[in-house]
Each structure stands twice: as structure tokens, then as C-alpha cells.
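Engineer: Let's see this in three dimensions:
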Amino acid sequence: MTDFSVLDLVPVREGGTVGEALDAAVSLARAAENAGCKRFWVAEHHAMEGIAGGATSVVLAHIGNATSSIRIGSGGIMLPNHTPFQIAEQFGTLDALFPGRVDLGLGRAPGAGPELQRALRKDLHRAAEMFPQDVVELMALMRGETTIHPTPGLGANPEFWMLGSSLFGAQLAAQLGLPYAFASHFAPDHLDAALELYRRQFRPSDACPEPHVMAAMNLFVADTAEEAELLASSQLQSFVALRTGRPGKLPPPVAGYRESLPANAQAMLAHIGQASVIGTAETVRELVAAFITRTRADEIIFGGSTFDPAARIRSLELAMGALQR
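Structural biologist: As a prediction, the model looks like this:
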């Protein structure tokens, strides 16, 4: 049986505040828990005015306090931005606060220009080269296999995940015996090849005796296909703004937005939107089933920011109602 989860960027909408974005994240997490979702993940981004999840572990504590059973985690922590010791302390704290509920998804992409590198006091490209060693060190810190012991952190037992959108992450997840989550919701190019490599090279571990795959999809569901496309238009605008070097806050929806774009922009959106469901509840059942057949994913995680937070909750509820029938 496939499990379903939610990925949230904690979007800050135009005219809105960070506080409102954090409140919306809590409401979405509660709705996900009530709908039977397994996990609620928050992604780390920095210096982006439209995304409020930069202090990921702090946001997860906020989400954990507002929920009771859903797993909470990072989708993911970009480890080159940090030291393994810092993350051991942060997620050791979360594990102490919410035992048995914490996921630690790790990613390598530095995703930062010179200004952010200076602000973080890091050579992020060099740090990215050390990513495999840092993952091993982080796990060793929590197991007590180092000379210095993080407190909190020593003995913590979050569920480790490897995130990726390329063959590198798939190979590392296989070598370390970790579950693997692929970012197909915005980078679908290497999906099939990465999953094949991961399964073929997988080395069993105590924590993960068999390959375990999560794949990401964008989700926009409404009563009509036209309404769903309207909901999706806010995220589509954000994608275009990001790819053209003009990222900002999440804009309000625009009717007919996709059709208003030049052909090259429409093609870009069609390409990065290959792992997307935009339509009615019946569309969800058909497209998600086809995606699961293609990927053989054990879990699907749904992203998809909407300008109206209530619309995303209803989208999720409609989808889960269809998928659980």
C-alpha cells in the first residue's frame, strides 16, 4: 500500500507576512494529519522572501507542537549549509520533543550565490564535495561513535532519508542503506534512471533492510479542471519568476496564465510539471496511479503552493478522499 505525505515550502504570499505563512503551515499539517497522511516535511531555503522555512528545525518544532501523530521532518536539510554537529543538536532536540515522529531528510545542493555564502560563512561548493563524509559523521554523532557527543543528539533516532534529483543522491542512498526521496516535482529528468540505480546498488542496513522510494508530485485539486488550473497558476508564476531570476512572494492566481506565456515558457512549465496532478478528484486517482505504476514508489509526497491556504487544504482533502476510496 502506498503512503501519502505533504511537502510544504511555507510560502509567503504577496500582501502576507511570515507569521501568516507559519500559521498556514500549522493548519495544513493538521489537515494532513486528519486526512491520514504519513509525513509533513518542510524544505530549507534561504534569502528568499517568498519562502519562510529557512530555520527548518524551528518550523518543525512549531508543527510538532500543533500535531500529535503525523511524522514531521525536513525535505530537506541542505547539509552543506551547516555542520553535522549543529544538525545533530537540532534534530536531537526534535527527537526528544517528538519521539518516534522525526524524519531527517538530507540534501547536497548548495543553491547559493556569493552573498549567501558570505552570510553563512561557508564555502558551499567545497562543503558540497564533503557531503558524503558529513552524512556519515552526522549519523556517527547520534550513535556515539565520535569523541565529542552532542547534547541533545546523542542517542537520538530520527529516520534518516537521502534526498536528490540526480544519480549522485541515488548512489549515496544505496551505499548507506537509506530510504531515498526524489524531487520529481521540479526536477523530473533523472527520475527513472535514479530509481533504477538506487534499487540496483542498494545495500541493506538495520534501519532500511530493503530499498524504499518516495517520489514527489505537485498537487492542485478542485471541483473542476479549470479551477484547479487557476489554483496552480500561483506556483506556475513562481516557477517562471525563479527561472528568469526574479523570485518573490507567492502571487495571486491568474486565469489563463499558462496560455498567456510565450511558447518557450509554456514548454518549460510542461517539462518541470511532468510529475503534477492538476484537475478533479477523479484525475488524481488516474494520474497518481499511473505515476506509482511507473516509479513503483512506496510513498508519494505532495507539494504545490496555493495563494489561498484554505484552497490547498481542500485540494489535499479532495485528493486523499479519492486515493483512499
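Engineer: Kindly state the pLDDT recorded for residue 116?
Structural biologist: The model reports residue 116 with a pLDDT of 79.
Engineer: which SSE is it in?
Structural biologist: helix 114-120 (DSSP states H and E).
Engineer: List the buried residues for that helix?
Structural biologist: 116-117, 120 (16 or more other C-beta atoms under 10 Å). From N, CA and C alone the C-beta is placed, and that goes for glycine too.
Engineer: now these as JSON lines including distance to residue 15?
Structural biologist: Listed next are the buried residues of helix 114-120 as JSON lines, based on distance: C-beta to C-beta, whole Å:
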{"residue": "116", "distance to residue 15": "26"}
{"residue": "117", "distance to residue 15": "31"}
{"residue": "120", "distance to residue 15": "29"}
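Engineer: Relative to residue 182, which of those is nearest.
Structural biologist: The closest of those to residue 182 turns out to be residue 116 (C-beta to C-beta; 25.1 Å).
Engineer: How many neighbouring residues does the closest residue to residue 292 other than its chain neighbours have?
Structural biologist: Sequence neighbours aside, residue 2 is the residue nearest to residue 292 in space, at 5.6 Å (criterion: C-beta to C-beta, 6 or more residues apart in numbering). Per other C-beta atoms under 10 Å, the neighbour tally for residue 2 reads 16.
Engineer: wait, isn't residue 2 in contact with residue 300?
Structural biologist: Yes. Taking contacts as C-beta atoms under 8 Å, residue 2 lies within contact range of residue 300: 6.1 Å.
Engineer: Please enumerate the shared neighbours of those two.
Structural biologist: Residues touching both residue 2 and residue 300 by C-beta atoms under 8 Å, 6 or more residues apart in numbering: residue 292.
Engineer: Can you tell me the strand partners of the helix or strand hosting residue 278 and which way each runs?
Structural biologist: Under the criterion of DSSP H and E, residue 278 resides in strand 276-279. Applying DSSP bridges to the sheet, strand 276-279 is found paired with strand 213-221 (parallel).
Engineer: and after the strand it pairs with, which helix or strand comes next?
Structural biologist: Following strand 213-221 toward the C-terminus (DSSP H and E): helix 225-243.
Engineer: List the buried residues of that following helix.
Structural biologist: Residues 227-241 are the ones in helix 225-243 that count as buried (16+ other C-beta under 10 Å).
Engineer: Which elements pack onto that helix?
Structural biologist: strand 213-221, helix 257-260, helix 263-272, strand 276-279, helix 309-323 (3 or more C-beta pairs under 8 Å, 6 or more residues apart in numbering; DSSP states H and E).
Engineer: Quick check: which of these is nearest to residue 168?
Structural biologist: Smallest distance to residue 168 across those (C-beta to C-beta): 16.1 Å, for strand 213-221.
Engineer: could you check the angle helix 225-243 makes with that closest one?
Structural biologist: Angle between the axes of strand 213-221 and helix 225-243 is 120 degrees (criterion: axes from the mean of the first three to the mean of the last three C-alpha atoms, to 10 degrees).
Engineer: orientation of strand 213-221 relative to helix 309-323 in degrees?
Structural biologist: Using the same axes, to 10 degrees: strand 213-221 against helix 309-323 is 120 degrees.
Engineer: Next, the angle helix 263-272 makes with strand 213-221.
Structural biologist: 130 degrees.
Engineer: right, so the helices and strands packed on helix 225-243: which one is the most enclosed?
Structural biologist: strand 213-221 (a mean of 27; mean count of other C-beta atoms under 10 Å).
Engineer: how about the CA coordinates for it, as CSV?
Structural biologist: C-alpha atoms of strand 213-221 as CSV (Å, rounded to 0.1, in the frame of the first residue of the first chain):
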residue,chain,number,x,y,z
VAL,A,213,11.4,5.1,-2.5
MET,A,214,9.5,8.3,-2.1
ALA,A,215,8.7,10.4,-5.2
ALA,A,216,7.3,14.0,-5.2
MET,A,217,4.3,15.3,-7.2
ASN,A,218,2.7,18.7,-7.4
LEU,A,219,-1.0,18.6,-6.5
PHE,A,220,-3.8,21.0,-7.3
VAL,A,221,-7.3,19.6,-7.0
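Engineer: Roughly how far does the closest residue to residue 311 other than its chain neighbours sit from residue 307?
Structural biologist: Distances taken as C-beta to C-beta, 6+ apart place residue 231 nearest to residue 311, at 5.4 Å, with adjacent residues excluded. Counting by C-beta to C-beta, to the nearest Å, the gap from residue 231 to residue 307 is 8 Å.
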